[in-house]
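>>> Everything below, folded, please.
(one chain, ligands or ions: 1)
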Amino acid sequence: MKPSTKMIDEQTGRYLPVIYPEELPFWEGAKKRELWLQKCNCCGKSWYPIGPACMHCFAMDFTWTKMSGKGTLHNFVIYHKPWTPWFKDKVPYAVINVELEEGPRLTTNILDCPLDKIEIGMPVKADYQDITDEITLVQFRPA
Ligand SMILES: [Zn+2]
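Just a heads-up that it's a prediction; the model follows:
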């Protein structure tokens, strides 16, 4: 896998994540249906978003570590407006914030859950969605 600055999938019009070199273990893990984040070698905590230093103690000494993929739905919003043409037939849809059991919070989507069944505090687990040959998104579903 290589870093990518491609912003839009020309076939679907969908916005794509920009993949920075320092994020490659996260994206390569997602491709393998695994959730990998940085874990601090000093304080032992993990964090997200991906960055050069621990957001808890600022150490720059970390190890890429496989997370459990288990978490709790911390918060969510439901979008009714399609912000780009790709979303035209996707609304309404939910954007959720998941707190992993290891601590970090990820902003993501929930799969296979009716909007009226989404609840703060519900257990969720990671799932993966291939959106291009290169890119797999980390998503969540009810656990
Ligand atoms: Zn730390």
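
>>> Please make it C-alpha for all contacts and neighbour counts, starting now.
Fine.

>>> Now do the contacts for the residue of the chain positioned farthest from its centre.
Centroid-distance maximum for the chain: residue 42 at 24.6 Å, with CA atoms, centre = their mean. Applying CA atoms under 8 Å, 6 or more residues apart in numbering, we find residue 42 in contact with 57, 59, 61-62.

>>> cool, and residue 130?
Residue 130 sits next to 31, 136-137 when contact means CA under 8 Å, 6+ apart.

>>> picking up where we left off before, compile the contacts of residue 42 into JSON lines and extend it with columns for distance to the ion and pLDDT.
Putting the contacts of residue 42 into JSON lines (distance: CA to the ion, whole Å; pLDDT from 0 to 100) gives the following:
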{"residue": "57", "distance to the ion": "4", "pLDDT": "98"}
{"residue": "59", "distance to the ion": "5", "pLDDT": "98"}
{"residue": "61", "distance to the ion": "8", "pLDDT": "98"}
{"residue": "62", "distance to the ion": "8", "pLDDT": "98"}
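
>>> hang on, the earlier thing: in helices only, show me the contacts of residue 130.
In this view, the contacts of residue 130 that belong to helices under DSSP state H are residue 31.
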